[in-house]
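**Q** When you get a sec, could you give me coordinates for this:
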Amino acid sequence: MKGKNNLYLILTILFLCGLVGVNLFHVTPDILSYGKGVLLYVQKSGIWRSARFARGNNFADYVEFLRKEIPEEGRVVLPPEEVTMRALSKTPFMQVFLSPREVINCTTVNCGSAFLEEDNTYLLVMGLGQFPAEQIDKDSPKVRMFNDTWGVHGPEDGLGNGTDPNQISSVWAFLADVVFPICVFIYFLFVGFHFARWLIPEYSPWFQIGVGYGLIIGLLSILVYISLLLFPALELKILLFVYAVFWGAIFLFRTIWDEEDKFLYLMDFSGTFSIWVLFWVGLSAVLFFISVGAGYHTSDAIALWGAKGEGMSVAGLKAAGTWGTSTTNYPLLIPSSIAVWRSAFGNSLPASKMLFPGFYLAFLCLMYGYLIENVVKDWAGFCTIIFATLPIVVRHAMIGYANLPFAFFMAGGAILLFDSCFGDEFQNQTLRSLITGLFLIFVVWTRPEGIWLTLGVIISLVFFHFLGTKARIKRSHLIAILISPILFWGLWKLTIKPYSIPEGVENLSKEALREIISGNFHFSSLAFMLSFIGRQAIHFQTWGSIGVGLFLSALLYPMRGREINQREGWFLLVGFVNVVIMIGIYYIFAFDSRYDTSWWLNSGFNRMVMPGAFLILLSTILYLSPRKRKTILSE
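**A** Just a heads-up that it's a prediction; the model follows:
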C-alpha cells in the first residue's frame, strides 16, 4: 500500500507540473506583449491607451484629436459603417472614448447632411465626400482635419473647445492620478479583509481577503444603485468618500473595542504562507499593471461594461438603457462599480480597471485560503498556481469583462453554502448565512445568467437532500439564503423598469418554445454544440491544461484509494449543473434566426461556463491532493 501511495504521489506531482508548464507556455507571450506595449505608452492618458490597445495608434490619436476639438457638452454624429472602420461607426464604442459627449449614429451616408447646420452638433468627417454626403471644404472654418481622411465638422465657435489629454507628466499628476487611487484600492482591500475576519473568523486569512473584497465591491455597487434611484443627481465621488469613511470608522471601532491581540492575524498569515504564494501574488501585480495600463480595449469591455459604467457616472441610471449595447437589461454590479471609480478618479489610469485584476487576486486568495484548510499547504499553493495560470483566467484579469467576477461570486457562494449547510459548527451561524446570501445576491447582480445559475444551486441542494445528506443549518437561515437572491432579482427588475429596454432574449425564448411544441427540436444544433464543447475542452489557448487535466485526473482515480467525499461531490455537482444550464441557454440561442449556433458559441460560450468549470476544477483538486489530518478526522 505504501509503494502504491508513493507512486500515486510521484505521478500526481509530475502531472501537476505538466499542467502548470502547459499554462505558462500559452500565457507568457501575451503577458510579455501587453507588458511591453504598456511600458512604451505609460505616460499617455487612459483614454489614449484604451483606444490604442483597441484599434491602434492612429485611432488613438484621432480620439484624442476629437476630444480636444469637440466640447464636452457637444453632440457627436457618427458615420455609418460602410464608409469607415467599425469602431468609428458604433455608438456604444465611441460613447466610452468621447464621454461625456452625447453620441448618436447615422445609419445612412445621406443622413449626415441633416445635421450640418444644427447647433452644438459635430460630425465626424470621412474622406471629404463620403460622410457627410456632400463635398466638405477642408479649408472651411467649420472643418478641422486630423489627416487627409479623418476630421470633424462643427460650429466655428465650438471647435477647439474640448479637453486636453490628461497625461501623467508631472509628480503631482502621478500622485493624484496614480498613487492616490491605488492607495484607496488597497485601503478597501484592507478594511474588507477585517470585515470578513469579523464575520467568518474560522477561515484562513487568505480566504477572508477574497471574501472581504467581494463584500466591499458588491455592497458598494448596491449602494450606488440605490443612491441613484433616490438621488439621480448625486455626485458618486461623494458617495465613495462617505463609504470609505464609514468602513474606516467600523475598523477603528472594532480595533479599539476588540479585546483580542490586534496583530494575531499576522501569525495566521505566517502559519498559512507557502513559497508558492509569492508566485501568484507577483503574477497578480503584473496583471494589475497590464490591465490598468491597457485600459478598456476589448469589445464588451468597451461597448458593454465600460460604456454603461461611463454613462452612469455622467447620466445616472438612464444610462443603463441608453449607453452601451442594448441586447438585454444587464445587472449593474460592474457598471455601478466602474461608475463610482470613474466619478472619483477619472480616466487617467483608468482607476476603475483595477476592479478586474482585483477580482483575479481575490479569486486566488479564495481558492488558496479554502484549499489550505483542507489539503497540505504546499499542494494548496501549487494547485492555486494551476488556476492562476489558466489562459482564460489570465486574459479575464487583463480585460474588463464581468465573467471572472461572476465565477468568483459563484465559487464563493457555493463554498459558503456548503459550509453553512454541511460543514462544521461555526461561532455565528446568522453571520455565515448573511454572507452566503450576499454572495448569491452578487451572482444575480453581476450577469443576466446569474438568476438561472442560482436556481441551479438550489436544484443541487435539493438533490443533495434526496441523497440523504442532512443539512445542519437552521431551516429559517436556509430559506433566507435561498430566497434572498430571487427577491433581490425581482426588486431590481421592478425598480429598473423606467430605465429598461425590451428583452430580446425573452422573445427568443418564446420563439424557441413555439418551435419545440411544433416538433422542431434543432437536434443538429445541439449535436454541433456538444462537439464544440469537446473541441474547446482541449483548446490550450483558451483553457490551457484544464480540459486534458480533468480527463487525465480520471486515470488517477483508481490509484487514489478512496471515494469522492461529500465536499468534493458538492462542488462537482454544482459545477456540472452550472455547465448544463449554460448549455440549455445556448440551446435556446440555436432558435435565433439572425445568428447561427456557431456565432453564438464562438462569441462567448467559453467564458459563460467559467463558473461551472472552475467548481469542477476545485472538486478535482480537493480529490487528488493529500488531505490535512484534521480534515480526514472530521470526516
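**Q** What distance do you get for residue 79 to residue 105?
**A** Residue 79 sits 8 Å away from residue 105, going by C-beta to C-beta, to the nearest Å. (Glycine included, C-beta is placed from N, CA and C.)
**Q** Identify the contacts common to the two.
**A** Any residue near both residue 79 and residue 105 by C-beta atoms under 8 Å, 6 or more residues apart in numbering counts here, and that gives residue 89.
**Q** Among these two, which residue is more densely surrounded?
**A** Per other C-beta atoms under 10 Å, whichever of residue 79 and residue 105 has more neighbours is residue 79, with 26 against 16.
**Q** Not counting its neighbours along the chain, what's nearest the more buried one?
**A** Among residues not flanking residue 79 along the chain, residue 131 sits closest, at 3.8 Å (C-beta to C-beta, 6 or more residues apart in numbering).
**Q** residues touching residue 455, list them.
**A** Applying C-beta under 8 Å, 6+ apart, the residues near residue 455 are residue 581.
**Q** In three-state terms, label it for me.
**A** Secondary structure, DSSP: H, G, I helix; E, B strand; the rest coil: residue 455 is helix.
**Q** pLDDT score assigned to it?
**A** At residue 455, the predicted lDDT confidence score is 95.
**Q** now do residue 233
**A** So residue 233 comes in at 84 (pLDDT).
**Q** can you check residue 363 too?
**A** Reported pLDDT for residue 363: 98.
**Q** Give the other helices and strands that the helix or strand containing it contacts.
**A** For residue 363, the host element (DSSP states H and E) is helix 355-371. Helix 355-371 sits against helix 205-230, helix 275-294, helix 333-345, helix 377-388, helix 391-398, helix 403-422, helix 610-624, with contacts defined as 3 or more C-beta pairs under 8 Å, 6 or more residues apart in numbering; DSSP states H and E.
**Q** again, 6 Å this time
**A** Other elements packing on helix 355-371 under the criterion 3 or more C-beta pairs under 6 Å, 6 or more residues apart in numbering; DSSP states H and E are helix 205-230, helix 275-294, helix 377-388, helix 403-422.
**Q** so which of those comes closest to residue 38?
**A** Between residue 38 and the helices and strands packed on helix 355-371, the shortest gap by C-beta to C-beta is with helix 275-294, which sits at 3.2 Å.
**Q** Show me what counts as buried in the closest one.
**A** Neighbour counts over helix 275-294 (16 or more other C-beta atoms under 10 Å) mark 276-277, 279-280, 283-284, 286-294 as buried.
**Q** Report the contact partners of the closest residue to residue 362 other than its chain neighbours.
**A** In space, and not counting its chain neighbours, residue 362 is closest to residue 213: 3.9 Å by C-beta to C-beta, 6+ apart. Contact analysis of residue 213 by C-beta atoms under 6 Å, 6 or more residues apart in numbering lists 189, 192, 362.
**Q** Of those residues, keep whichever come out buried.
**A** Buried, going by 16+ other C-beta under 10 Å: 189, 192, 362, out of the contacts of residue 213.
**Q** which one of those residues sits closest to residue 331?
**A** residue 362 (18.7 Å).
**Q** Please determine how far that closest one is located from residue 182.
**A** Distance from residue 362 to residue 182, by C-beta to C-beta: 16 Å.
**Q** and if you look at residue 137?
**A** Taken as C-beta to C-beta, the span from residue 137 to residue 182 is 48 Å.
**Q** Of those two, which one has the most company?
**A** residue 182 (16 against 10).
**Q** can you list contacts of the lengthiest strand in the chain?
**A** In the chain, with assignment by DSSP state E, the single longest strand is strand 121-126. Here strand 121-126 makes contact (C-beta under 6 Å, 6+ apart) with 70, 74-79, 83-84, 112, 115, 132, 136, 151-154.
**Q** Show me how to select, in PyMOL, the buried members of these.
**A** Typed into PyMOL, the line below selects the buried ones among the contacts of strand 121-126, using 16+ other C-beta under 10 Å:
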select buried, resi 70+74+75+76+77+78+79+83+84+112+115+132+136+151+152+153+154
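**Q** Can you read off the pLDDT for the residue most central in space within the chain?
**A** The centre of the chain sits closest to residue 402, judged by C-alpha atoms, centre = their mean, with a distance of 2.7 Å. Predicted confidence (pLDDT) for residue 402: 97.
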